[in-house]
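1. Turn this into a structure:
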Amino acid sequence: MFAKIFFSIGVLLAIALLVLLIMQIKNDKEVSRIWRELEEVPTENSFTEDMVAELPAPVQRYFLHSIAPGTPLASSVSLEMSGSFRTAQDKPWVPMRAKEIISASQGFVWKATIGRGLFQMRGADYYIKGSGRMRFSLWGLLPLVNAHSPDIVRSSIGRLAGELIWLPSALLPQRGVSWKAIDENTIQASLKINDEPVTLTLTIDPANGKLLKLSLPRWGDHTEDGSYTYIPFGGEYQEEHTFGGFTIPSLMGAGWWFGTDRYSEFFCATIEQAEFREI
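-> Residues are numbered from 1 along each chain as shown. From the prediction side, this is the model:
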């Protein structure tokens, strides 16, 4: 009798494991489909100084530092990164590795493995054409997070806008971005993503235009009562690297309530590879 019970339990566990595996395969296929959709076909367009000649001098310095003249303009970038991540200020840092694709016109996919051993999570965070979702599973099988809502979409738009610093060509005025200079080391970009207005404030080195900090109001729930509102979000950039004519931040940390005494850094990353696809 006990043998039959154990056999039945074993069968049920096997079925449950098979169902979880099928769900994970389905989720992976969905993320792969979105990734392919964000890859765009290259054509022949290159950056020239004339493209930024009418912008304020500090903004010109930023672009001329970020994009070498003659560099084919890119509409998407694929990144490989490593670093650490934590879910709250009182939680421990855990290792993170990720791949990401960012498209100037459509969105992003961030595929990550976070943690190690028994506490390793695998999943993706993405936004495409007005739809955003976070989906992570323990060991890639047991669902932990599957968030999809208008609030997630709005927050994802802020993330996409902030990460365009890894795709400087997406911030050119020819892409519909408006620029102004606050002073010699502070510049602002105004843009819209799916009719959502976003203002990016960049702190640059006044001598050469190197990006030092970025901040923006981002929709989030990191409030005392967990309600959603616009929260100062941003990061600092300690190092940079040049990939294919684009000089982008390569060592950074970011978090909510940036620039305030409530600042909580939760994300640190090193960009190891960047591959640009032309417009």
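2. residues touching residue 93, list them.
-> Contacts for residue 93 (Cβ atoms under 8 Å, 6 or more residues apart in numbering) come out as 84-86, 268. Yep, even glycine has a C-beta here, placed from its N, CA and C like the rest.
3. List buried residues within these.
-> 84-86, 268 (16 or more other Cβ atoms under 10 Å).
4. Could you work out the most separated pair of those residues?
-> The most widely separated members of those, counting by Cβ to Cβ, are 86 and 268 (9.1 Å).
5. Among the contacts of residue 93, which one lies nearest to residue 152?
-> residue 85 (18.0 Å).
6. Kindly provide the distance from the residue lying closest to the closest one once chain neighbours are set aside to residue 116.
-> Spatial nearest neighbour of residue 85, excluding adjacent residues (Cβ to Cβ, 6 or more residues apart in numbering): residue 96 at 4.4 Å. Distance from residue 96 to residue 116, counting by Cβ to Cβ, to the nearest Å: 10 Å.
7. neighbour count winner among those two?
-> Shown here are residue 96 and residue 116; by other Cβ atoms under 10 Å, residue 96 has more neighbours (19 against 9).
8. Tell me the spacing between the residue lying closest to residue 244 once chain neighbours are set aside and residue 56.
-> Nearest non-adjacent residue to residue 244, counting by Cβ to Cβ, 6+ apart: residue 276, 5.2 Å away. Distance, residue 276 to residue 56, using Cβ to Cβ: 26 Å.
9. CSV please, covering the contacts of residue 93 and showing secondary structure, pLDDT and distance to residue 194.
-> Below are these laid out as CSV (DSSP: H, G, I helix; E, B strand; the rest coil; pLDDT from 0 to 100; distance: Cβ to Cβ, whole Å):
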residue, secondary structure, pLDDT, distance to residue 194
84, strand, 97, 31
85, strand, 93, 27
86, coil, 93, 30
268, strand, 97, 29
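10. Pick the one among the residues you listed closest to residue 147.
-> Residue 147 has its nearest neighbour among these in residue 85, at 16.3 Å by Cβ to Cβ.
11. contacting residues for the closest one?
-> Contacts of residue 85 (Cβ under 8 Å, 6+ apart): 93-96, 112, 114, 266-268.
12. mind redoing it with 7 Å?
-> 94, 96, 114, 266-267 (Cβ atoms under 7 Å, 6 or more residues apart in numbering).
13. which among those residues end up buried?
-> 96, 114, 266.
14. For this structure, which segments are assigned as helices?
-> With DSSP state H, the ranges of helices along the chain come out as 2-38, 57-66, 150-162.
15. Tell me which residues are up against the shortest one.
-> It stands for helix 57-66. Residues outside helix 57-66 that contact it (Cβ under 7 Å, 6+ apart) are 49, 52, 168, 179, 181, 184-185, 187, 202, 204, 206, 208-211, 246-248.
16. ok, 8 Å please
-> Outside helix 57-66, the residues touching it (Cβ under 8 Å, 6+ apart) are 49, 51-53, 55, 168, 171-172, 179-181, 183-187, 202, 204, 206, 208-211, 246-248.
17. Mark which of the residues you listed are part of strands, please.
-> 179-181, 183, 186-187, 202, 204, 211, 246-248 (DSSP state E).
18. ok, of the buried ones among the contacts of residue 85, which one's closest to residue 155?
-> Nearest to residue 155 out of those is residue 266 (Cβ to Cβ; 13.7 Å).
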